[in-house]
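A.B. asks: Just need the structure, nothing else, for what follows:
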Amino acid sequence: MARVQISNVNVLANPAPFSDPFQFEVTIECIDDLPSDIECKIVYVGSAESEQYDQVLDSILVGPVPSGRHMFVFKADAPDPSKIPVADVLGVTIVLIICSYLGKEFVRVGYYVNNDYADPELRENPPDVPQFDKVQKNILASNPRVTRFKIDWDGQGQGMQSEQPEQSQPSSSHEEPIVQVPPVEMSMDAMAF
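C.D. replies: So this is what the prediction gives:
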């Protein structure tokens with residue numbers, strides 16, 4: 001059983017200009033005291049074609065974490081536009097919140113992000129060179145994809161992640177915990193991100 005669960009994530013400042021920071025209010029529940037830090041990072045997927053365009057926007061350490069419910073706001077700068085292929089600037093991509101303990105990923109929360117021009121004229125006739133100051137990002141906050149991994153929380157065993165992550169599609173309300181739906185077993189190839 002997981003010693004830490006993400007019980008809620010609220011997407012803040014959404015929609016927003018492309019250059020604005022990503023902001024998430026994260027609530028975790030810890031059933032036991034954790035003597036080591038939890039590492040959380042925000043990753044922007046720059047292209048579905050290759051992981052080389054993924055950008056780690058920020059990484060934080062939270063802990064040691066006593067048992068109980070804890071909330072923090074995780075804020076990260078926007079991705080570097082020069083590292084995104086021009087063909088992938090507009091349209092749908094993904095932003096991930098990834099949490100690890102003792103170097104092992106135990107949960108991943110993914111959101112679809114739609115990048116488009118706010119101006120209808122630019123949407124109809126986009127310029128060849130993206131005008132990032134006119135691009136707006138809109139995170140589909142109502143439908144996160146949650147994937148949980150089984151890990152060795154004590155770090156004494158093999159510490160290997162399970163080959164089959166548990167994935168759930170939580171309810172669409174921001175007020176309800178995002179991990180209420182029982183998980184469905186899926187292979188790594190079937191993951192939505």
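A.B. asks: partner residues bridging residue 41?
C.D. replies: Under the criterion DSSP bridges, residue 41 forms beta bridges with residue 59, residue 98.
A.B. asks: Equivalent analysis for residue 27, please.
C.D. replies: residue 8, residue 71.
A.B. asks: That one contacts residue 73, correct?
C.D. replies: No - the pair formed by residue 27 and residue 73 falls short of the contact definition of Cβ atoms under 8 Å, at 10.5 Å. C-beta coordinates here come from the backbone N, C-alpha and C atoms, glycine included.
A.B. asks: Which one's more surrounded, the two?
C.D. replies: More crowded of residue 27 and residue 73, by other Cβ atoms under 10 Å: residue 27, with 16 against 10.
A.B. asks: picking that back up, where do the contact lists of residue 27 and residue 73 overlap?
C.D. replies: The contact sets of residue 27 and residue 73 do not overlap (Cβ atoms under 8 Å, 6 or more residues apart in numbering).
A.B. asks: Let's verify residue 123: helix, strand, or coil?
C.D. replies: Three-state call for residue 123 (DSSP: H, G, I helix; E, B strand; the rest coil): helix.
A.B. asks: Report the contact partners of the closest residue to it other than its chain neighbours.
C.D. replies: Ranked by Cβ to Cβ, 6 or more residues apart in numbering and with sequence neighbours excluded, the top spatial neighbour of residue 123 is residue 117, at 4.9 Å. Taking Cβ under 8 Å, 6+ apart, we find residue 117 in contact with 90, 123, 126, 131, 134, 135, 136.
A.B. asks: Spell out, range by range, the strands that occur in the chain.
C.D. replies: With strands called from DSSP state E, the chain shows them at 4-12, 16-17, 22-30, 38-45, 55-62, 68-76, 91-101, 104-117, 135-139, 145-148, 166-168, 184-185.
A.B. asks: Counting by contacts, list what the third one packs against.
C.D. replies: In terms of contacts (3 or more Cβ pairs under 8 Å, 6 or more residues apart in numbering; DSSP states H and E), strand 22-30 is packed against strand 4-12, strand 38-45, strand 68-76, strand 91-101.
A.B. asks: least trustworthy helix or strand in the protein by mean pLDDT?
C.D. replies: Using mean pLDDT, DSSP states H and E, the weakest-scoring helix or strand in the chain turns out to be strand 184-185, at a mean of 32.
A.B. asks: where does the protein have low pLDDT?
C.D. replies: Residues of the chain that meet the criterion pLDDT under 70 lie in 157-193.
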